[in-house]
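Trainee: Give me the fold of what follows.
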Amino acid sequence: MSILYYLNYSFIQRAYLAGSFVAALCAMLGLFLVLRRLSLIGDGLSHVSFGAIALGLFFGVYPFYVAVPSVLIASYFILKLTEKAKMYGDAAIGIVSALSIAGGVILASLSRGFNVDLFSYLFGNILVISDQEVYLSIGLSLSVLLVILLLYGDLFSATFDEEYARVSGIKTARLHLVLTSLTAVTVVLAIKVVGIMLVSALLILPAVSALQMARSFRTAMLIAVASSVISVLVGITLSFSLNLPAGATIVMINGVIFLAALIFKRLR
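Mentor: Reported below is the predicted structural model:
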């Protein structure tokens, strides 16, 4: 059966639509993160979102309304720890993510264990995404994509030669804060697609796959976006037809694309 057949189902339509926007966003942002050696920040912020979502569920508040500001604050705190405490970025990420997970587990235990809602956020379940979450995903995705396009030149310069960008008058510290904040929003959006445990894969795999095949940055970005969107569409289709977990299936499709990219590079 083709994808057109599955479009007859409204919940599949919602999953395709929201998943495609979030996938494109993750691919574009992930390329900058991988090249700047910041790919671990996605994993760290996803752990922060676990604590934030557990907090939202504990107080009966829609989790995304708690997760977005909480993860933004955490991303700023990670930057300040790196600057003020004179520690490496991965150590700061580890501290914040560990405390967030611990807080989330405590809140989950106080609310009598891991309920179904929290479990779905851990591993993702885009097939049950609501209309409200679709609108939120599309709106935030377009906002982040617009910021990336507006700052594309500065991000490009700072990614490949930060010292030259600083000398050229680009405020690299502020740019770093913007990139981290965009990552925070993107991580929260990607949680519904692949879950907290797998969100870093959606940021990293399309980017590294594209870098194996592309000869220029723009080509890499196009390949990353295409492979990410394809993996989401195929992953959702397979998960529904074969009764598999959607998030894990999407990540495995990304893994297959990465292996194909490695083979392509070796043959070339």
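Trainee: So for the host helix or strand of residue 136, mean pLDDT?
Mentor: Assigned by DSSP states H and E, residue 136 falls within helix 131-150. Average pLDDT, helix 131-150: 87.
Trainee: Repeat that for stretch 222-236.
Mentor: Averaged across stretch 222-236, pLDDT comes to 93.
Trainee: if we can go back for a sec, and after the helix holding residue 136, which helix or strand comes next?
Mentor: From helix 131-150, the next helix or strand downstream (DSSP H and E) is helix 152-160.
Trainee: In terms of secondary structure, what does the next helix or strand after that following helix contact?
Mentor: Using DSSP H and E, the helix or strand that follows helix 152-160 in sequence is helix 162-167. Counting contacts by 3 or more Cβ pairs under 8 Å, 6 or more residues apart in numbering; DSSP states H and E, helix 162-167 packs against helix 152-160, helix 172-194. Backbone N, C-alpha and C define where each C-beta goes, glycine included.
Trainee: just how off-centre is the longest one within its chain?
Mentor: If you compare the mean C-alpha spot of helix 172-194 with that of the full chain, they lie 8 Å apart, counting by Cα atoms, centre = their mean, to the nearest Å.
Trainee: Could you identify which of the helices and strands packed on helix 162-167 is most buried?
Mentor: Most buried of these, by mean neighbour count (mean count of other Cβ atoms under 10 Å): helix 172-194, with a mean of 23.
Trainee: which residues sit in contact with the closest residue to residue 71 other than its chain neighbours?
Mentor: Sequence neighbours aside, residue 184 is the residue nearest to residue 71 in space, at 4.2 Å (criterion: Cβ to Cβ, 6 or more residues apart in numbering). By Cβ atoms under 8 Å, 6 or more residues apart in numbering, the contact list for residue 184 reads 45, 68, 71-72, 74-75.
Trainee: wait, which of these is closest to residue 223?
Mentor: Ranked by distance to residue 223 (Cβ to Cβ), the contacts of residue 184 are led by residue 45 at 24.9 Å.
Trainee: So residue 165 versus residue 30, what's the distance?
Mentor: 20 Å (Cβ to Cβ, to the nearest Å).
Trainee: Quick check on those two: which one has the bigger neighbour count.
Mentor: residue 30 (29 against 20; other Cβ atoms under 10 Å).
Trainee: Can you name the residues that contact the more buried one?
Mentor: Going by Cβ under 8 Å, 6+ apart, residue 30 touches 39, 42, 202-204, 206-207, 224.
Trainee: immediately after the helix or strand harbouring residue 15, which helix or strand?
Mentor: Using DSSP H and E, residue 15 maps to helix 10-35. Downstream of helix 10-35, the first helix or strand assigned by DSSP H and E is helix 40-59.
Trainee: May I have that following helix as PDB, with CA atoms only?
Mentor: Written as PDB, here are the backbone C-alpha positions of helix 40-59 (Å, rounded to 0.1, in the frame of the first residue of the first chain):
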ATOM      1  CA  LEU A  40      25.500  16.200  22.800                       C
ATOM      2  CA  ILE A  41      23.500  19.200  23.800                       C
ATOM      3  CA  GLY A  42      20.400  17.800  22.100                       C
ATOM      4  CA  ASP A  43      20.700  14.700  24.300                       C
ATOM      5  CA  GLY A  44      21.200  16.700  27.400                       C
ATOM      6  CA  LEU A  45      18.300  19.000  26.800                       C
ATOM      7  CA  SER A  46      16.000  16.000  26.100                       C
ATOM      8  CA  HIS A  47      16.800  14.800  29.600                       C
ATOM      9  CA  VAL A  48      15.900  18.200  30.900                       C
ATOM     10  CA  SER A  49      12.600  18.000  29.100                       C
ATOM     11  CA  PHE A  50      11.900  14.800  30.900                       C
ATOM     12  CA  GLY A  51      11.900  16.600  34.300                       C
ATOM     13  CA  ALA A  52       9.800  19.500  32.800                       C
ATOM     14  CA  ILE A  53       7.200  17.100  31.300                       C
ATOM     15  CA  ALA A  54       7.000  15.200  34.600                       C
ATOM     16  CA  LEU A  55       6.500  18.600  36.400                       C
ATOM     17  CA  GLY A  56       3.700  19.500  34.000                       C
ATOM     18  CA  LEU A  57       2.000  16.100  34.400                       C
ATOM     19  CA  PHE A  58       2.400  16.300  38.200                       C
ATOM     20  CA  PHE A  59       0.500  19.700  38.400                       C
END
